[in-house]
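Q: Whatever this is, show me its structure:
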Amino acid sequence: MPDLETLASDLGRNVRTLREARGLSQSQVAKLAGIPRATWAHLESGGANPTLTVLVRAASALQVTLEELVGPPRGRVRLVRADELVHRERGRVRVRELLPDPIQGLQVERMELPPGAAMRGIPHTPGTREYLACDHGEIELAAAGQRWHLKEGDVLVFPGDQHHGYAHRAGDPAVATSVVVLAPVLSEQQG
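A: Residues are numbered from 1 along each chain as shown. So this is what the prediction gives:
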């Protein structure tokens with residue numbers, strides 16, 4: 001485990017780099033986070049010992065996880081090999097995540113469906129939107145009480161908070177890219 005000085009230094013560097021990458025001033029991002037600008041400046045200095053509340057607010061304003069805030073700084077360019085990406089089998093369908101790092105509220109996956117394969121989707125939180133792009137072959141998607149037949153290059157946008165399913169009937173394996181934009185979950189205090 002890294003020492004506290006290293007953690008504070010990594011936190012400062014990450015917070016500054018993430019803020020600058022978004023083109024925000026310290027005042028702007030502090031306002032988004034709901035913390036004083038002086039507190040934000042102290043975070044960036046690497047000398048802060050912030051509360052968990054401050055860290056959560058900073059992560060939310062920068063749209064990253066807490067781990068990304070306090071972890072070792074990442075290089076600007078990084079190669080992630082296909083076998084390093086998380087994948088799973090759902091029946092005969094192979095699903096592989098396309099983003100090696102979590103992005104709050106977003107899931108991007110590649111789906112490979114052999115002939116005769118089918119998979120049920122899992123409804124997400126109310127307000128979620130899904131986008132399915134057929135990259136190769138043909139895919140049938142049942143969503144919102146209808147069936148859609150997608151050919152190579154087609155994209156279907158549908159509510160991801162309803163029951164849905166994917167199928168590939170015949171021919172070469174079909175490949176699709178699924179993008180899920182998750183609706184935020186409101187706590188009882190917020191909603």
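Q: Which is the succeeding secondary structure element to the longest helix along the chain?
A: In the chain, ranked by residue count with DSSP state H as the criterion, the top helix is helix 4-21. From helix 4-21 onward toward the C-terminus, using DSSP states H and E, the following helix or strand is helix 26-33.
Q: buried stuff in that following helix?
A: Gln26, Val29, Ala30, Leu32, Ala33 (16 or more other Cβ atoms under 10 Å). Any C-beta I mention is one placed from the backbone N, CA and C, and that applies to glycine too.
Q: tell me the contacts of the fourth one?
A: Read it as Leu32. Residues in contact with Leu32 (Cβ atoms under 8 Å, 6 or more residues apart in numbering) are Leu24, Ala61.
Q: still on that earlier bit, could you give the mean pLDDT of the longest helix of the chain?
A: For helix 4-21, mean pLDDT is 87.
Q: For that helix, C-alpha coordinates in CSV please.
A: The C-alpha coordinates for helix 4-21 follow below in CSV (Å, rounded to 0.1, in the frame of the first residue of the first chain):
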residue,chain,number,x,y,z
LEU,A,4,0.0,8.9,2.7
GLU,A,5,2.5,11.3,1.1
THR,A,6,2.3,9.3,-2.2
LEU,A,7,-1.5,9.1,-2.1
ALA,A,8,-1.8,12.9,-1.5
SER,A,9,0.7,13.6,-4.3
ASP,A,10,-1.2,11.3,-6.7
LEU,A,11,-4.5,12.8,-5.7
GLY,A,12,-3.2,16.4,-6.4
ARG,A,13,-1.8,15.4,-9.8
ASN,A,14,-4.9,13.5,-10.8
VAL,A,15,-7.3,16.2,-9.7
ARG,A,16,-5.3,18.9,-11.6
THR,A,17,-4.9,16.7,-14.8
LEU,A,18,-8.6,15.8,-14.9
ARG,A,19,-9.7,19.4,-14.3
GLU,A,20,-7.4,20.7,-17.1
ALA,A,21,-8.5,17.9,-19.5
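Q: Packing partners of that helix?
A: Applying 3 or more Cβ pairs under 8 Å, 6 or more residues apart in numbering; DSSP states H and E, we find helix 4-21 packed against helix 37-45, helix 52-62, helix 66-70.
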